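1. turn this into a model:
(chains A, B, C and D)
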Number of protein chains: 2
Amino acid sequence: MPKRTPDSWREHAERALRDAGYHRGGAREAVLGLLADQACALSAQEIDDRLRAGDRAVGRASVYRVLEQLAELKLVMRVEVGDGIARYEPNRPGGEHHHHVVCDTCGQIEPFEDPDLELAIHRLSSRLRFDVGEHDVVLRGECRACRS
Amino acid sequence: MPKRTPDSWREHAERALRDAGYHRGGAREAVLGLLADQACALSAQEIDDRLRAGDRAVGRASVYRVLEQLAELKLVMRVEVGDGIARYEPNRPGGEHHHHVVCDTCGQIEPFEDPDLELAIHRLSSRLRFDVGEHDVVLRGECRACRS
DNA sequence: CGCTAAATGAGACTCAGTATCAAACTTACG
DNA sequence: CGTAAGTTTGATACTGAGTCTCATTTAGCG
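-> Alright, predicted model coming up:
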């Protein structure tokens, strides 16, 4: 059985950071360690809280700084779902990625994947006068629980 | 030549507001009047500034309140593009709508349309365990000017 | 080691957006 | 028409995510 994804993302990220000329540092490692275990997007506040609850509290400034660096290197994806809070999730090297549906009523976020959607976006990208780098599709609606 | 779209959106909006039980009021009319002339999304700040520069200044609270009411009635679409600022644009009754590409470097926002993308989203919606009401696709990249 | 440059974090600050509440205005009804 | 009842408005205070600053700590390297 191959090594689980979390570790390989973390190793990948650490290599990329070193290659980009960063020194190592405790705050960044703590954030990396937390993100590596995450399946879906976390807000900066959530990251701060969880680290503080765990054994490695980290300054707020450092959390934001690290997330910005990771986003710059495309190691994390920044996701905005419309509540004014940015969320971040690891960008797995494989390239597979998902988008999000948000419940307008309760705010719950659920991931989904769809190859046809990817295809449409890919075709579209070549038509636009933009070098499209990332994309981020947010659908809005009501989840099953809130609909009833 | 048929009447220009702005007026008909405005009339549509005014009818919808009345039907929803709202009274008329100067602030809301000012915001409606401004939005009706707009081709693409405006932020609350921009709306406030333009009204203030024009002949009808409006309180900040009223701008946000009106935008919220309009969004609630689906008369405007709220667009978030990742800079932490919400923008709003009229939802034309025709149903035709566009999405946005954002330049990561200069922040410029450009609209685009794509029937294939709409189709993919539509098909996808029926598969999800969500009643999908709105969608909002944001692509990110570099515009031609910044790429050079 | 010991030096230099980078990383860190406490706290002040910014700014979009929200909450409050008294005054101004709409509407309905007599 | 006039007035009461209820809505809209806007000045202002507030919230909270995110940024900036700068003194202190830490990593990397000779």
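2. the spatially closest residue to A:G59 that is not a sequence neighbour in helix, strand or coil?
-> In space, and not counting its chain neighbours, A:G59 is closest to A:A27: 6.9 Å by C-beta to C-beta, 6 or more residues apart in numbering or on different chains. Backbone N, C-alpha and C define where each C-beta goes, glycine included. Secondary structure for A:A27, judged by DSSP: H, G, I helix; E, B strand; the rest coil, is helix.
3. and the strands in chain A?
-> Assignment of strands within chain A using DSSP state E yields the ranges A:42-43, A:76-80, A:86-90, A:99-103, A:109-112, A:130-143.
4. just checking, what packs against the longest helix seen in chain A?
-> The helix that spans the most residues within chain A, counting by DSSP state H, is helix A:5-19. In terms of contacts (3 or more C-beta pairs under 8 Å, 6 or more residues apart in numbering or on different chains; DSSP states H and E), helix A:5-19 is packed against helix A:26-36.
5. follow-up on the earlier one: average pLDDT for the longest helix of chain A?
-> Taken as a whole, helix A:5-19 has an average pLDDT of 87.
6. that one: how far from the chain's middle?
-> Distance, stretch centre to chain centre, for helix A:5-19: 14 Å (C-alpha atoms, centre = their mean, to the nearest Å).
7. before we move on, what about stretch A:25-44?
-> The answer for stretch A:25-44 is 10 Å, by C-alpha atoms, centre = their mean.
8. wait, does that stretch contact DNA strand D?
-> Yes. Against DNA strand D, stretch A:25-44 shows contacts by C-beta under 7 Å from any atom of the strand at A:25-26, A:43-44.
9. what comes up buried for that stretch?
-> Neighbour-count burial for stretch A:25-44, counted by 16 or more other C-beta atoms under 10 Å in any protein chain shown, picks out A:27-32, A:34-36, A:38, A:41-44.
10. next: stretch A:86-94.
-> A:86-91.
11. got the contact list for it?
-> Residues outside stretch A:86-94 that contact it (C-beta atoms under 8 Å, 6 or more residues apart in numbering or on different chains): A:5, A:8-9, A:12-13, A:35-36, A:38, A:40-44, A:47, A:67, A:70-71, A:74-81, A:97, A:109, B:84.
12. that one near DNA strand D anywhere?
-> Yes. In terms of C-beta under 7 Å from any atom of the strand, part of stretch A:86-94 sits within range of DNA strand D, namely A:A86.
13. endpoint to endpoint, that stretch covers what distance?
-> End-to-end distance of stretch A:86-94: 23 Å, with C-alpha to C-alpha, to the nearest Å as the criterion.
14. one more: stretch A:93-109?
-> Stretch A:93-109 stretches 23 Å from its first residue to its last (C-alpha to C-alpha).
15. would you single out the least confident of the strands of chain A?
-> strand A:130-143 (a mean of 83).
16. centroid residue for chain A?
-> Residue closest to the average C-alpha location in chain A (C-alpha atoms, centre = their mean): A:E89, at 1.6 Å.
17. for it, list each beta-bridge partner.
-> A:M77 (DSSP bridges).
18. and it, how far from A:G33?
-> 15 Å (C-beta to C-beta, to the nearest Å).
19. sorry, back to before: which of the contacts of stretch A:86-94 are buried?
-> Buried members of the contacts of stretch A:86-94, counted by 16+ other C-beta under 10 Å: A:9, A:12-13, A:35-36, A:38, A:41-44, A:47, A:67, A:70-71, A:75-81, A:109.
20. for stretch A:101-117, which positions count as buried?
-> Neighbour count says stretch A:101-117 has A:101-103, A:109-110, A:112, A:114, A:117 buried, by 16+ other C-beta under 10 Å.
21. tell me the residues of chain A that contact chain B?
-> Residues of chain A lying close to chain B (C-beta under 8 Å from any C-beta of the partner chain) are A:78, A:80, A:82, A:84, A:86, A:101, A:103-104, A:110, A:112, A:114, A:116-117, A:119-121, A:123-125, A:127-144, A:147.
22. mind running it again at 6 Å?
-> A:80, A:82, A:101, A:114, A:116-117, A:120, A:124, A:129-144, A:147 (C-beta under 6 Å from any C-beta of the partner chain).
23. can you select the buried ones among those for me in PyMOL?
-> The following PyMOL line selects those of these that are buried, judged by 16+ other C-beta under 10 Å:
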select buried, chain A and resi 80+82+101+114+117+120+124+130+132+134+135+136+137+138+139+140+141+142+143
